[in-house]
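J.: Sequence plus the predicted model coming up.
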Amino acid sequence: MAGSLLRLLAILSLLPAAGAADYAGSKACKTCHADLAWKFFRNPHFRDEEVLPQPGAAGCESCHGPGSEHVKAPSKASIFAFSVRSSEEIVTRCLSCHSNEMGRMNFRRSEHFKASLNCASCHSIHHSPTPRRLLSKVQRELCYTCHPSVRAQFSMPFKHRVNEGLMDCTDCHNPHGTFAPSWKMGDRPRLVSQASVNEEACLGCHKDLRGPFVFEHTAVRVEGCETCHLPHGSANPRLLKRPVVFTLCLECHNGTGSGRTGAGVPLTPSFHNMADPQYQNCTICHVRLHGSNSSAFFLR
């Protein structure tokens, strides 16, 4: 009910003022734009004109605005033409209907908006080749346009299977902006979605690692999964940052005070001699690295 009311208010805000252009109706648009009109009924933006507050306010003019002046003198100046409008104008026009949707209402705070991208940068309303979301390309190819380094990561020996079509970028990221910033080690926000409330996106699939735990691994709790893992792809099994497990553990557990924890987490007990191969595979004993309900040292 609330969503319908907001949509109605958005449409009313687009109604013409006195002396301005009036709605001509979608039939008038079909005269010149038959190539777009013949299949528009399959478009998610298609609306039944009979249920809207003003005749003719649906279809083409629900996005492009009143078209009576455009019919008299066809030009991009006499209608809202997305191809010549600024990013701010395009975003404002799209959000007049989509601002009440949870995944999009935060777009103006996103890194994409700050980079002068707008809805038309990724979406193609009339010529989308994809079955969902009206994207201008297959989602991964669209993201790779601006993120070529990520394409290379997904070609690593161990990776999440995005290129194979088993996952999408939006399984982990929200391109329209997130409500909680995702800073990791001083990086900029990366539009990472949340699995539930304030959980990392990883837990959306890896539910067996979700807590709460009686004994939490500080690195996981404070810095998250990317403390040890590379989320897109890695040359190492389990998407680890380093090929040898104990060298990864020693980044924090070095006893020097230089670890990420700030205080330096010493090796305990003292007989852990890392020159001895029997101690170099930390996960032989410390198997509950993501958290444990029975052991403060994450033992079995």
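T.: Nice, I can see it. Note that this is a predicted model, so its numbers are computed, not measured. Residues are numbered from 1 along each chain as shown.
J.: Mind telling me which residue is nearest the centre of the chain?
T.: Of all residues in the chain, the one closest to the mean position by CA atoms, centre = their mean is residue 174, 1.7 Å from it.
J.: Does that residue touch residue 195 like I think?
T.: No - between residue 174 and residue 195 there is no contact under CB atoms under 8 Å: 11.8 Å. Any C-beta I mention is one placed from the backbone N, CA and C, and that applies to glycine too.
J.: Now do the helices in the stretch 151-300 of the chain.
T.: Under the criterion DSSP state H, counting those that start in this stretch, the stretch 151-300 of the chain contains helices at 218-222, 245-249.
J.: ok, the residue nearest to the centre of the chain to residue 106 distance?
T.: The gap separating residue 174 from residue 106 is 8 Å, by CB to CB, to the nearest Å.
J.: most packed of the helices of the stretch 151-300 of the chain?
T.: The densest packing among these, expressed as mean neighbour count by mean count of other CB atoms under 10 Å, is seen in helix 245-249 with a mean of 18.
J.: With adjacent residues omitted, what lies nearest to residue 126?
T.: Closest residue to residue 126 apart from its sequence neighbours, by CB to CB, 6 or more residues apart in numbering: residue 36 at 5.0 Å.
J.: Secondary structure element holding that neighbour?
T.: Using DSSP states H and E, the secondary-structure element containing residue 36 is helix 34-37.
J.: So for the next helix or strand after that helix, what gets flagged as buried?
T.: The helix or strand immediately downstream of helix 34-37 is helix 61-64, counting by DSSP H and E. By neighbour count, and taking 16 or more other CB atoms under 10 Å as the criterion, the buried residues in helix 61-64 are 61-62, 64.
J.: TSV for those, including distance to residue 91 and pLDDT?
T.: As requested, these are exported to TSV (distance: CB to CB, whole Å; pLDDT from 0 to 100):
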residue	distance to residue 91	pLDDT
61	19	84
62	17	83
64	16	89
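J.: Tell me the one of those residues nearest residue 131?
T.: Using CB to CB, residue 62 is the member of the buried residues of helix 61-64 that sits closest to residue 131, with 22.2 Å.
J.: could you measure the closest one against residue 46, distance?
T.: Counting by CB to CB, the gap from residue 62 to residue 46 is 9 Å.
J.: that's a helix at residue 113, yeah?
T.: Yes - Residue 113 forms part of a helix when assessed by DSSP: H, G, I helix; E, B strand; the rest coil.
J.: dump the residue contacts of it.
T.: With contacts defined as CB atoms under 8 Å, 6 or more residues apart in numbering, residue 113 is in contact with 87, 91, 107, 177.
J.: One more pass at 7 Å, please.
T.: Contacts for residue 113 (CB atoms under 7 Å, 6 or more residues apart in numbering) come out as 91, 107.
J.: shaky segments in the chain?
T.: Under the criterion pLDDT under 70, the flagged ranges of the chain are 1-20, 47-58, 102-103, 180-189, 197, 255-271.
J.: what's the domain layout of it?
T.: Domain segmentation of the chain under automatic domain parsing yields 2-84, 102-204, 211-284.
J.: mind giving me CSV with those and columns for distance to residue 300?
T.: Below are those laid out as CSV (distance: least, CB to CB, whole Å):
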stretch, distance to residue 300
domain 2-84, 50
domain 102-204, 23
domain 211-284, 10
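J.: what ranges do the strands span in this structure?
T.: Along the chain, the segments classed as strands by DSSP state E run 158-159, 233-234.
J.: Please identify the deepest-packed of those.
T.: Mean neighbour counts were taken over these using mean count of other CB under 10 Å, and the top value, a mean of 19, falls to strand 233-234.
J.: residues in contact with residue 140?
T.: For residue 140, the contacting residues are 162-163, 169, by CB under 7 Å, 6+ apart.
J.: Report the buried members of those residues.
T.: Buried positions within the contacts of residue 140, assessed by neighbour count (16+ other CB under 10 Å), are 162, 169.
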